[in-house]
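Enquirer: Predicted model follows, preceded by the sequence.
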Amino acid sequence: MLAEIATITDDPASDASRRSVQNGGNKTASLFSKEGMKGENQDAMLVLEDFADQPGTVFCGVFDGHGPDGHLIARRVRDLLPGKLASCWRIAYDIHPPGTGLLHQGNRSFTANAGGDPKLIMAWKESLISAHKQVDRDLALYYDELDPTFSGTTAVTLVKQGSDLYIGNVGDSRAILGFLTDENSMMALQLTVDLKPNLRKEAERITKLKGRVFSLPHEPSVKRVWLPGIDSPGLAMARSLGDHCLKKFGVISEPTVTYRKLSVRDKFIVLASDGVWDVLTNDEVVEIVASSHRSLAAEAVVEAATSTWNKKRPQSRADDCTAICLFLDDHLASSSSSSTFRVVNEDSGLKKTATSLISLHRMFTAKLKMDKSASCSELELLTVSTSESTEIVSANAGALNKNLSRGKRAGLLFIGDD
């Protein structure tokens, strides 16, 4: 299903930017969104090239709505956030131009080993936080078309400016990076943390402000946020845009911000809604993208996810699935569907799952009549996930934490929000 085309009405850079919000792709990026089995597609997506009148600067965003008006809020945030961010960045840049002045002592730990200009990093951090807060506040101005009281959206966004990568995240959508190690093995690096109420620090903030966090009997692994004294609304994330009924009780719109200095070994970034991540691992998504024709990579990820929903969760209604693949160079462009992958992972079950997914992906790409003239070399896939300052509480937290030091060496800077 095509994502709805909308116009940015308050983006000062909209006339100069090339804007993509519908399914498709080119050598730089591919986008794809597919409606699940729960009704209207509540996901939205956006790629802006030459963002904020800056040649070569790219903005990408995936927004996963929830609640009665979730689809409207996701689209409205998609349309508002780029303009707000561009305006906030210009203000922050003027106040703190790169290479001048003193950096606040409290921020030095965030940028000391970043590999980029500390002033520029902090300008983007401040801009991302300010823009998200302003958009969340401004949703109340659109009550004639949407109600943000019991509806909201996630927002995972990136700005790529030269070799500098900035990621903002609110909610449980996710960003990952596919990069080559020194041994020319493909590795998945998780760039964001899924901000759910099962994270200790998130739950503590919510309960301190009288919000409640607990699971329902039929889904004990899913923590939800509830109003004090009322078993509503049961939000399955700790941060969001919208959901104004919970803003006094610990649910916030402030994004976490991460920074990475990109290298020639960084090949692509994938932003996707949780409909993808609920059924595919980071490694599996990297495999699919690495073996896909660039213009069809996002579609391949989404189709693999929707097919896996039917296999892994036959009793559940498949969620909406949306993905954006942003390619960082020309070295991994391949239109072959016959690439061979070796999956290196402690979990032998993942090997079986990955093999099945590759077979499914090959069938899908064959159906799309992809060009088979080129082929990828054999790639070895490893798992990596990082979050030095955020506790990850999940079924596989132990396995993820084993890779934190490896992720640190990969050059990911988590810019804290405390």
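Expert: Yep, that arrived.
Enquirer: continuing past the helix or strand hosting residue 270, what's the next helix or strand?
Expert: Element membership of residue 270 [criterion: DSSP states H and E] is strand 266-272. On the C-terminal side of strand 266-272, the nearest following helix or strand under DSSP H and E is helix 274-277.
Enquirer: what comes up buried for stretch 144-153?
Expert: 146-153 (16 or more other Cβ atoms under 10 Å). Every C-beta, even on glycine, is put in place using the N, C-alpha and C of the backbone.
Enquirer: Pretty sure residue 53 is one of the things residue 90 touches, is it not?
Expert: No: between residue 90 and residue 53 there is no contact under Cβ atoms under 8 Å: 9.2 Å.
Enquirer: Show me which of the two is the more surrounded one.
Expert: Between residue 90 and residue 53, residue 90 has the larger neighbour count (other Cβ atoms under 10 Å), namely 16 against 13.
Enquirer: For the more buried one, grab phi and psi.
Expert: phi -60, psi -40 (degrees, to the nearest 10).
Enquirer: cool, and residue 205?
Expert: phi -60, psi -40.
Enquirer: Among the buried residues of stretch 144-153, which one lies nearest to residue 64?
Expert: residue 153 (6.2 Å; Cβ to Cβ).
Enquirer: roughly how far apart are the closest one and residue 62?
Expert: Residue 153 is 10 Å from residue 62, where distance means Cβ to Cβ, to the nearest Å.
Enquirer: try residue 270
Expert: 10 Å.
Enquirer: repeat for residue 273
Expert: In terms of Cβ to Cβ, residue 273 sits 6 Å off from residue 62.
Enquirer: okay, and the common contacts of those two?
Expert: Common neighbours of residue 273 and residue 62 (criterion: Cβ atoms under 8 Å, 6 or more residues apart in numbering): 43, 154, 173, 322-323.
Enquirer: Tell me which of these fall in strands.
Expert: If you go by DSSP state E, the shared contacts of residue 273 and residue 62 have 43, 322-323 in strands.
Enquirer: possible to save those as CSV with neighbour count?
Expert: Shown next, in CSV, are these (neighbours: other Cβ atoms under 10 Å):
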residue, neighbour count
43, 31
322, 32
323, 32
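Enquirer: Just send those residues back as a markdown table, with distance to residue 126 too.
Expert: A markdown table is the format used below for these (distance: Cβ to Cβ, whole Å):
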| residue | distance to residue 126 |
| --- | --- |
| 43 | 28 |
| 322 | 28 |
| 323 | 29 |
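Enquirer: Can you tell me which of those is nearest residue 299?
Expert: Out of these, the member with the shortest distance to residue 299 (by Cβ to Cβ) is residue 323, at 8.2 Å.
Enquirer: Is it correct that the closest one is in contact with residue 269?
Expert: No: with contact defined as Cβ under 8 Å, residue 323 does not reach residue 269; the gap is 10.8 Å.
Enquirer: Not counting sequence-adjacent ones, nearest residue to residue 232?
Expert: Nearest non-adjacent residue to residue 232, counting by Cβ to Cβ, 6 or more residues apart in numbering: residue 226, 6.6 Å away.
Enquirer: Go ahead and confirm the one you found touches residue 234.
Expert: Yes: in this structure, residue 226 is within contact of residue 234 by Cβ under 8 Å, at 6.0 Å.
Enquirer: returning to that earlier point: beta partners for the residue nearest to residue 232?
Expert: Beta-bridge pairing for residue 226 (DSSP bridges): residue 212, residue 233.
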